[in-house]
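K.L.:
Give me a model of this one.
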Amino acid sequence: MTNSEKLVHILKLFSLRNMPIYGHFYRVSEMSKIIAQGMGIKDPHKLKIIKDATFFHDIGKIFVPDKILLKKSSLNFEEYEIAKKHVEMGIDIVSTFLQNPEITQIIGQHHEAYDGSGYPAGLSGDKICIGAKICHIADSFDVVYGGRCYCAASNFEQAIAKINDCSETQYDPDIIKVFNKCSDHINKQLYTYLDNY
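P.N.:
Take a look at the predicted model:
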């Protein structure tokens, strides 16, 4: 079993706690690849790094207690601080198996916001790597569209609109433009034929 396969096995075990999570990882990874290609990234090595990193982006949540991960209402301050630690936990897990700084950089920055309001480091603008910016959009869109225990699902058009509402604050506006151009392809490729979100 390769190290990547070991990480996939960890995710499958994680899915026993939270059933939609494996599908979420798959869709975020595939969506990130589509967006990256839409941005003109053609190098197979760079695309693989983005795909791998975005597939494992939230693996650190395996260490977040169920009472926080599956809570049906907003997290309080203390709970939110615990939940945010999944980023550094994810870096620790993935770096143990893959030892690829580009992958761990994407994982470490995927909750950073374009305006600097994200975490864990409060990075902004060009200080956030491209892969993390892409992942942030793909991750957020999949959550908004599908819903979670703490937020209702949206239809596809509503989810697109909600992501666009956060352009220039949460998300890089240039990547949002690419995301919008790719949205029909994303819908057909990842959502049209889903029997169970």
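K.L.:
for the helix or strand harbouring residue 157, which positions count as buried?
P.N.:
Element membership of residue 157, judged by DSSP states H and E, is helix 156-165. Under the neighbour-count criterion of 16 or more other CB atoms under 10 Å, helix 156-165 has 159, 160, 163 buried. C-beta: built from backbone N, CA, C; applies to glycine.
K.L.:
Next up, identify which helix or strand residue 182 is on.
P.N.:
Residue 182 is located in helix 173-186, with elements delineated by DSSP H and E.
K.L.:
Take that helix, keep the C-alpha atoms, and write them as PDB.
P.N.:
The C-alpha trace of helix 173-186 is given here as PDB (Å, rounded to 0.1, in the frame of the first residue of the first chain):
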ATOM      1  CA  PRO A 173     -11.800  37.800  -7.600                       C
ATOM      2  CA  ASP A 174      -9.700  36.600 -10.500                       C
ATOM      3  CA  ILE A 175     -10.300  33.000  -9.500                       C
ATOM      4  CA  ILE A 176     -14.000  33.600  -8.900                       C
ATOM      5  CA  LYS A 177     -14.200  34.800 -12.600                       C
ATOM      6  CA  VAL A 178     -12.700  31.500 -13.700                       C
ATOM      7  CA  PHE A 179     -15.000  29.500 -11.300                       C
ATOM      8  CA  ASN A 180     -18.000  31.200 -12.900                       C
ATOM      9  CA  LYS A 181     -16.800  30.400 -16.400                       C
ATOM     10  CA  CYS A 182     -16.300  26.700 -15.300                       C
ATOM     11  CA  SER A 183     -19.600  26.500 -13.400                       C
ATOM     12  CA  ASP A 184     -21.600  24.700 -16.100                       C
ATOM     13  CA  HIS A 185     -18.800  22.100 -16.500                       C
ATOM     14  CA  ILE A 186     -18.600  21.700 -12.800                       C
END
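K.L.:
Look up how far residue 108 lies from residue 51.
P.N.:
Here residue 51 is placed at a distance of 17 Å from residue 108 (CB to CB, to the nearest Å).
K.L.:
where exactly do the helices run in the protein?
P.N.:
Secondary structure of the chain (DSSP state H): helices at 3-15, 21-38, 44-55, 66-69, 77-84, 86-98, 101-109, 130-146, 156-165, 173-186.
K.L.:
So which elements touch the longest one?
P.N.:
Of the remaining helices and strands, those touching helix 21-38 by 3 or more CB pairs under 8 Å, 6 or more residues apart in numbering; DSSP states H and E are helix 3-15, helix 44-55, helix 130-146, helix 173-186.
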